[in-house]
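Chemist: The amino acid sequence is not available; the structure is as follows:
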């Protein structure tokens, strides 16, 4: 494998990792506050549709992004009402949200655009285009560093840089602020937080809302940056891979970055079987690469390689009087 | 003492949840209705939309229940949902959430395909027993691994079964594309099964009794197996020691442990039965209908099992009724997609609403009802004094 191929491969890894990273951080906030969220997939899908729909109607991708975040927040609110206010089963609520998004997006898309459940193709300002970082063109011809900077680091859409910036931001918010301390505490021992006079319900709603915003950006990225428009079921299991990455990352922000980049790399390799063959001298089935994140998660969860321990109060509704 | 009488708990709560789901589904159809251009005033438009909703409902009922052809499809889908619904239900009794019905049903299809392709069965009845056993075995193994990982290694069964759904899809994709596809065929599917394994349809079964049933509908003898499974599961859960242990474990893990019930045993058995039931669905869709194994043969029936089990309150009779209702929705939805601009995804929305209201928002319905019954009882007590 030559250097150019390597750069190309890493470049598409970053592209494919971005929605995973955003969704993974979304799940991180929710689960750290004790709310399991297997509805990441549905929120991404809803956001992907509404951002593409609004971008196509208004011609502005930024309005699309807002619509996507709004749609994802609505589903987050539903999850919050079901699992925080009415103390329902968080897993069942997540399943319902996934189906709701899968059905509603196609139903509304067909009603609005009559194109078989997709949105019109997005062009121009209705899409997030790649940004050329300063000096990228000038650097392009410098050996080694040139391609690295101009191909791999520069040229992504703004959402990619936002996702990368979200990693230190998440770390700072969770580990360096009072809000973060309380949020983590509410996922471990909500009774203690309650005794300290802090609202468990308020904190959990806040976490679920942050999760909604991040899933919204992830979904908008799918339909307005990675692809030009919405198609049915376009999230394609990414919400679940993000969940897998979250377990892989043991519910930590920096690990989430590495885990999603790794899973992004698998995704990139799936489309380049020739590269794998030239590196390890053996043919690897595409299906195996596709299943690898799931297999690795099962192995990690089973504690055969390091142990992933979820937040202790995860999945349990908090009942005040007991 | 329970706050609510038993009938309210068993009938009223699910019924109200279902009404809510139906009402919102109606609103969705109302919102996406085709309105003719002749409707000019606001009232005209509302009237036209209401007509559309009414027409859609009639179309669904007619398409699904108006002919033996419609019934044949409704019952075919219902058979699938009975198997997967029972699968989710038995796991619920042990307070396990088996979200992996889809993967287990896929593996069940693999079991059926192996049985039907490589064993020379003399007659369909023997083939049915053999294929059902293989389907059950494959599904059970696929469910047993997450169960074992939960009890022995502490990994969450919901997450593992989700992962196993995806792994099953990749595995099946690999097998169909690379190993089981007949030479020269581009289609990722196995060869057609032999004639001797073809199951009799309801048409064949009912003809001797002089009942004319549509020839082209896919409902087949698997329906009877599914009904037998409902009954068998009812016996198991409410009439055997094992069923009692499973229910006690589901009620209180610590209490069950104290009574000497092994969590390992219960988790494994409940998940093995669950997986076997989900896998056995394949005798209906793979052996009874397609008569070969194709990619995505399950068509989401594993997930619908969740809605069916929730709606049926995990009771085999409830599952039976809910499965028929979902069979009706599936076939009605297909008719709707055929004759109107409403896509089939309407069923997915209805399914989501059923799961939401009967599962996640259960307390939203129950809490006001409980308050109402409390108030009623207080009034009665006051009246007696």
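Modeler: Thanks, I have it. Keep in mind it's a predicted model, so treat the numbers as computed, not measured.
Chemist: Packing partners of the strand or helix carrying residue B:150?
Modeler: Assigned by DSSP states H and E, residue B:150 belongs to helix B:124-153. Where contact means 3 or more Cβ pairs under 8 Å, 6 or more residues apart in numbering or on different chains; DSSP states H and E, helix B:124-153 is packed against helix A:286-301, helix B:101-118, helix B:157-174, helix B:263-280, helix B:282. Placement of C-beta: from N, CA and C, glycine included.
Chemist: Off-centre distance for the first one?
Modeler: Same thing as helix A:286-301. Relative to its chain's centre, helix A:286-301 lies at 18 Å (Cα atoms, centre = their mean, to the nearest Å).
Chemist: Tell me if the strand or helix carrying residue B:347 is near chain A.
Modeler: Here residue B:347 sits within helix B:345-355, counting by DSSP H and E. Yes. Part of helix B:345-355 sits near chain A under the criterion Cβ under 8 Å from any Cβ of the partner chain, namely B:345-353, B:355.
Chemist: follow-up on the earlier one: tell me which residues of the helix holding residue B:150 come out buried.
Modeler: By 16 or more other Cβ atoms under 10 Å in any protein chain shown, the buried positions in helix B:124-153 come out as B:124, B:127-128, B:130-151.
Chemist: got it, and stretch A:281-293?
Modeler: A:286-287, A:289-293.
Chemist: hmm, back to that, what pLDDT, on average, does the helix holding residue B:150 get?
Modeler: When pLDDT is averaged along helix B:124-153, the result is 94.
Chemist: roughly how far is it from the heart of the chain?
Modeler: The answer for helix B:124-153 is 17 Å, by Cα atoms, centre = their mean.
Chemist: Report the angle between it and helix B:157-174.
Modeler: Relative orientation of helix B:124-153 versus helix B:157-174 (axes from the mean of the first three to the mean of the last three Cα atoms, to 10 degrees): 130 degrees.
Chemist: just checking, what packs against the host helix or strand of residue A:17?
Modeler: Applying DSSP H and E as the criterion places residue A:17 in helix A:3-32. Where contact means 3+ Cβ pairs under 8 Å, 6+ apart, helix A:3-32 is packed against helix A:40-58, helix A:145-147, helix A:158-176, helix A:178-188, helix A:200-221, helix A:238-248, helix A:253-270.
Chemist: excluding its backbone neighbours, what's nearest residue 215?
Modeler: Using chain A. Leaving aside its sequence neighbours, residue A:215 sits nearest to residue A:43 (Cβ to Cβ, 6 or more residues apart in numbering or on different chains; 3.8 Å).
Chemist: I was thinking of chain B, sorry if that wasn't clear
Modeler: In space, and not counting its chain neighbours, residue B:215 is closest to residue B:203: 4.8 Å by Cβ to Cβ, 6+ apart.
Chemist: Show the contacting residues for the one you found.
Modeler: Residue B:203 is in contact with B:72, B:213-215, B:217, counting by Cβ atoms under 8 Å, 6 or more residues apart in numbering or on different chains.
Chemist: again, only using 10 Å
Modeler: Taking Cβ atoms under 10 Å, 6 or more residues apart in numbering or on different chains, we find residue B:203 in contact with B:68, B:72, B:211-217, B:219-220.
Chemist: Can you say which of those residues are buried?
Modeler: For the contacts of residue B:203, buried by 16+ other Cβ under 10 Å: B:68, B:72, B:213-214, B:217, B:219-220.
Chemist: out of those, which are inside strands?
Modeler: The strands, defined by DSSP state E, take in nothing from the buried ones among the contacts of residue B:203.
Chemist: ok, of the residues you listed, which one's closest to residue A:207?
Modeler: residue B:219 (47.7 Å; Cβ to Cβ).
Chemist: from what I can see residue B:113 touches residue B:194, true?
Modeler: No. Assessed by Cβ atoms under 10 Å, residue B:113 is found out of contact with residue B:194, at 12.0 Å.
Chemist: Those two: which is more packed in?
Modeler: Neighbour totals were compared for residue B:113 and residue B:194, and residue B:113 leads with 29 against 14 (other Cβ atoms under 10 Å in any protein chain shown).
Chemist: ok, for the more buried one, nearest residue in space, not its chain neighbours?
Modeler: Closest to residue B:113 by Cβ to Cβ, 6+ apart is residue B:293, at 3.9 Å.
Chemist: number of nearby residues for that neighbour?
Modeler: Residue B:293 has 28 neighbouring residues, counting by other Cβ under 10 Å.
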